[in-house]
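>>> this is a predicted model, with the sequence first.
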Amino acid sequence: MTAATASPSAYTPRSGGSRQLAGTGTLLRFALRRDRVMIPVWIAVNTLMVLSMPNTLKGLYATAAERADLIRQMETNASLRALIGPVFDDSLGALTAWRVGVYAGALAAVMSLLVVVRHTRDEEESGRQEMVSSGAVGRRAPLTAALLAAAVANGVLALLITGGLAGQGGAGALAVGLGIAGVGMVFATMAAIVAQLTESARLARGLTAAVLGAAFVLRAAGDSATDDGSSVLTWLSPLGWLENLRAFAGERWWVLLLFAAAILLQGVVAYELAGRRDVGMSFLPTRPGPANGRLRTAGALAWRLQRGSVLGWSIGFFAVGVVYGGLTDGVADLVGDNDNAREIFQRMGGQSGLTNAFLAAMIGMLGLIAALYVVASVLRLSGEETSGRAEPVLANAVGRLRWAAGHLVIAFGGAALIMLLAGLGFAVGYGKELGPILGACLVQLPAVWVVGGLAVLLHGLVPRAIVAAWAVAGAVLLIGWIGPALDVPQAVMDLSPFGHLPKLPGGEMAWGPVLILTGIAVALVAGGLGALRRRDLVT
């Protein structure tokens, strides 16, 4: 379809604001009910990541001398500033804002864009919005409900973070909470605009995520150039605004006006666009079929649908691998004589020397993130089914297993590809040990596949509860990210499949756990596909 404006009957600029927003409350309650699992999981992961940091940093940098040495290291290490950002003060609160602020803001942005796109373009793409709009629902009610749902999620996140950090200083805690929520709402309104421009929910999510990636790159480039966040590139990024709030370091409250202005401006643009198009239409024209080339198989169709996602994840993992690899030689200088920091790296990456422990820890972190990729890719099956697009494919000479296999090959094979590219990136950045690094990356795959296998099983057995796959991935990420820093019991770490993998490079290769996890993944996929064959399609 091409872009189209609304007909006079659909767009009535003289109608009152209350008529335009009719049904917003009902749609908001419905949106929060639908996201009753996804939103709490995102909030819990983000909150626990932030609130666990003060105690971790207290153990790492217990004395003023250690904290002063850290600040000197950050002032002279442009690569670490690009990765984390500059340090503005040596208090625990300021170090917490420095260590996790940018990443917490990015997580809030991802949560927000997913919520907004799900309740706007996803609803239109599936045809449900047209049915809802046939009732007493105002033209701008769906968009308003989606933005309010994102606002509720970010508001709860801000309250929890502010309350949890209040012991470090009330003003700084409020600045951190408002800044993280502000980043979330900036990308919520950005997603609202993109959802009006594109006809595909997948494209809307991808484009908004690309803007988030660009914001991270701008901030990283600016922070690598200066040690005080003053670069123009840093100020061009909402993540840069977050760090320039300077929580716990003489707060710059006026920076919040930048968040407010961006949210207001983008919200106005989104509302104006929403009022000028028909339901299901878009402002960016979509090329009508047939697609270039031939799609002879269900697997070829799956590749056509998911190739953009695979490309984006591949580029991202390679780039992150290069950055982390470049930091490896300097990790000994950063840790120095700090025994607590050394112990955390060893809990994450093994006892085989600091450099190998750092490499193993960072590769393990990328494995955890690869689990998010495999869940998102498996859930594409659910999206194709609930949108009704799977039904015409299956009406032809295509069985359910062939249809599902096309997407699963991309999900599980794509995970192998991005981990392989991450290993190549590490080798490029580090400049040595290509073989051991590639082996360490590939050994993460059985755990990644177990998380993907759980998603396949959920899709086959309880397709309406498929969102629980995100809860599993979030729990695994939380255990792997925060567990070593808090020195949680090994029994808790063993709840994650990643807790059973050998610590490579440097450690001994243990084939037993790797083969067992691979077998579990195969059994989960087989169970999910078997259930998919027997059940009715979800519509």
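Yep, that arrived. Residues are numbered from 1 along each chain as shown.
>>> which SS state does the nearest residue to I369 once chain neighbours are set aside fall under?
Nearest residue to I369, sequence neighbours excluded (Cβ to Cβ, 6 or more residues apart in numbering): L477, at 7.6 Å. Where C-beta positions appear, they are placed from N, C-alpha and C, glycine not excepted. Of the three states, L477 takes helix under DSSP: H, G, I helix; E, B strand; the rest coil.
>>> how near is L477 to E75?
Distance, L477 to E75, by Cβ to Cβ, to the nearest Å: 31 Å.
>>> more crowded one of the two?
Neighbours per residue (other Cβ atoms under 10 Å) separate L477 from E75, with L477 holding more: 22 against 14.
>>> would you agree the more buried one is in contact with A371?
Yes: with contacts counted by Cβ atoms under 8 Å, L477 reaches A371, the gap being 7.1 Å.
>>> mind listing what the residue nearest the centre of the chain touches?
In the chain, the residue lying closest to the centroid (Cα atoms, centre = their mean) is V110, at 5.0 Å. By Cβ atoms under 8 Å, 6 or more residues apart in numbering, V110 lies in contact with 42, 187, 209, 212.
>>> now the third one. Nearest residue, chain neighbours left out?
When you say that, I think you mean A209. Excluding the flanking residues, the one nearest A209 by Cβ to Cβ, 6+ apart is L113, at 6.8 Å.
>>> count the residues that sit near that neighbour.
Using other Cβ under 10 Å: L113 sits among 27 other residues.
>>> tell me how many other residues crowd A62.
A62 - counted by other Cβ under 10 Å - has 12 other residues nearby.
>>> what about it, which SS state?
A62 - assigned by three-state DSSP - is coil.
>>> distance of it from G101?
Counting by Cβ to Cβ, the gap from A62 to G101 is 22 Å.
>>> shaky segments in the protein?
1-18, 79, 126, 129-135, 137-138, 278-295, 330-353, 485-488, 539 (pLDDT under 70).
>>> for it, longest helix please?
In the chain, assigned by DSSP state H, the helix with the most residues is helix 354-386.
>>> right, and the helix or strand after that one?
Once the chain leaves helix 354-386, the next helix or strand it forms, by DSSP states H and E, is helix 390-394.
>>> what helices or strands is whatever helix or strand comes next after that following helix leaning on?
Next helix or strand after helix 390-394 toward the C-terminus (DSSP H and E): helix 400-430. Counting contacts by 3 or more Cβ pairs under 8 Å, 6 or more residues apart in numbering; DSSP states H and E, helix 400-430 packs against helix 298-327, helix 354-386, helix 390-394, helix 434-442, helix 445-461, helix 511-534.
>>> which residues touch stretch 520-532?
400-401, 404, 408, 446, 449-450, 452-454, 456-461, 497.
>>> swap the cut-off to 7 Å and go again
400-401, 404, 408, 446, 449-450, 453-454, 456-457, 459-461 (Cβ atoms under 7 Å, 6 or more residues apart in numbering).
>>> list just the nearest of those residues to L504.
Nearest to L504 among the contacts of stretch 520-532: P446, at 12.7 Å, using Cβ to Cβ.
>>> now do the closest one against G413, distance only.
From P446 across to G413, the span is 14 Å (Cβ to Cβ).
>>> compare the two (neighbour count), which wins?
Legend: neighbour count by other Cβ under 10 Å for P446 and G413, higher for P446 (23 against 12).
>>> the closest residue to the more buried one other than its chain neighbours - how many residues pack around it?
Spatial nearest neighbour of P446, chain neighbours left out: L517 (3.6 Å); criterion: Cβ to Cβ, 6+ apart. Applying other Cβ under 10 Å, we find 22 residues neighbouring L517.
>>> same thing with V428?
A total of 14 residues lie near V428 under the criterion other Cβ under 10 Å.
>>> touching, it and Y324? I think so.
No: V428 is beyond contact range of Y324, at 10.7 Å (criterion: Cβ atoms under 7 Å).
>>> out of the helices and strands packed on helix 400-430, deepest packed?
helix 445-461 (a mean of 26; mean count of other Cβ atoms under 10 Å).
>>> quick one: contacts of it?
367, 370-371, 374-375, 378-379, 381-382, 408, 411-412, 415-416, 419, 465-466, 468-469, 472-473, 476, 497-498, 501, 514, 517-518, 520-521, 524-525, 527-532.
>>> now stretch 238-257
With Cβ under 7 Å, 6+ apart as the test, stretch 238-257 has contacts from 85, 88-89, 91, 93-94, 97, 101-102, 105-106, 168-169, 171-172, 175-176, 178-180, 182-183, 186, 215-216, 218-219, 222, 229, 234, 258-259, 262.
>>> let's see which of the residues you listed end up in helices.
93-94, 97, 101-102, 105-106, 171-172, 175-176, 178-180, 182-183, 186, 215-216, 218-219, 222, 234, 258-259, 262.
>>> which among the residues you listed count as buried?
With neighbours counted by 16 or more other Cβ atoms under 10 Å, those contain buried members at 93-94, 97, 101-102, 105-106, 172, 175-176, 178-180, 182-183, 186, 215-216, 218-219, 222, 234, 258-259, 262.
>>> burial count for G431?
With other Cβ under 10 Å as criterion, G431 counts 12.
>>> now stretch 39-50, how far from the centre of its chain.
On the basis of Cα atoms, centre = their mean, to the nearest Å, stretch 39-50 is displaced by 12 Å from the centre of the chain it belongs to.
>>> stretch 431-442 too?
Using Cα atoms, centre = their mean, the offset of stretch 431-442 from its chain centre is 26 Å.
>>> got it, and stretch 257-274?
Centroid separation for stretch 257-274 versus its chain: 23 Å, with Cα atoms, centre = their mean.
>>> what's the answer for stretch 385-400, then?
With Cα atoms, centre = their mean as the basis, the mean position of stretch 385-400 lies at 29 Å from the chain mean.
>>> any residues touching that stretch, and which ones?
Against stretch 385-400 from outside (Cβ under 7 Å, 6+ apart): 125-126, 298, 384, 403, 532-533, 537-539.
>>> ok, back up a step: mind putting the helices and strands packed on helix 400-430 in a markdown table, distance to M38 included?
A markdown table is the format used below for the helices and strands packed on helix 400-430 (distance: least, Cβ to Cβ, whole Å):
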| stretch | distance to M38 |
| --- | --- |
| helix 298-327 | 19 |
| helix 354-386 | 11 |
| helix 390-394 | 22 |
| helix 434-442 | 29 |
| helix 445-461 | 13 |
| helix 511-534 | 20 |
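>>> which of these sits closest to L51?
helix 354-386 (19.3 Å).
>>> returning to what we had before: what helix or strand is the residue nearest to the centre of the chain located in?
helix 92-118.
>>> with W241 instead?
Counting by DSSP H and E, W241 is found in helix 238-244.
>>> repeat for R246
Counting by DSSP H and E, R246 is part of no helix or strand.
>>> just flag the most distant two among the contacts of stretch 520-532.
Longest distance between any two of the contacts of stretch 520-532 is 26.0 Å, between R400 and P446; criterion Cβ to Cβ.
>>> got the contacts of stretch 385-400 as JSON lines, with distance to P392 columns?
Converted to JSON lines, the contacts of stretch 385-400 look like this (distance: Cβ to Cβ, whole Å):
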{"residue": "E125", "distance to P392": "15"}
{"residue": "S126", "distance to P392": "15"}
{"residue": "A298", "distance to P392": "12"}
{"residue": "E384", "distance to P392": "10"}
{"residue": "W403", "distance to P392": "11"}
{"residue": "L532", "distance to P392": "17"}
{"residue": "R533", "distance to P392": "19"}
{"residue": "L537", "distance to P392": "11"}
{"residue": "V538", "distance to P392": "15"}
{"residue": "T539", "distance to P392": "13"}
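>>> ok, of those residues, which one's closest to V269?
Nearest to V269, judged by Cβ to Cβ, of the contacts of stretch 385-400 is E125 at 21.2 Å.
>>> that closest one contacts A201, doesn't it?
Yes: shown here, E125 and A201 form a contact pair, counting by Cβ under 7 Å, at 5.1 Å.
>>> out of those two, which sits in the more crowded spot?
Counting neighbours by other Cβ under 10 Å for E125 and for A201 shows that E125 has the greater number, 23 against 20.
>>> so who does the more buried one touch?
200-201, 387.
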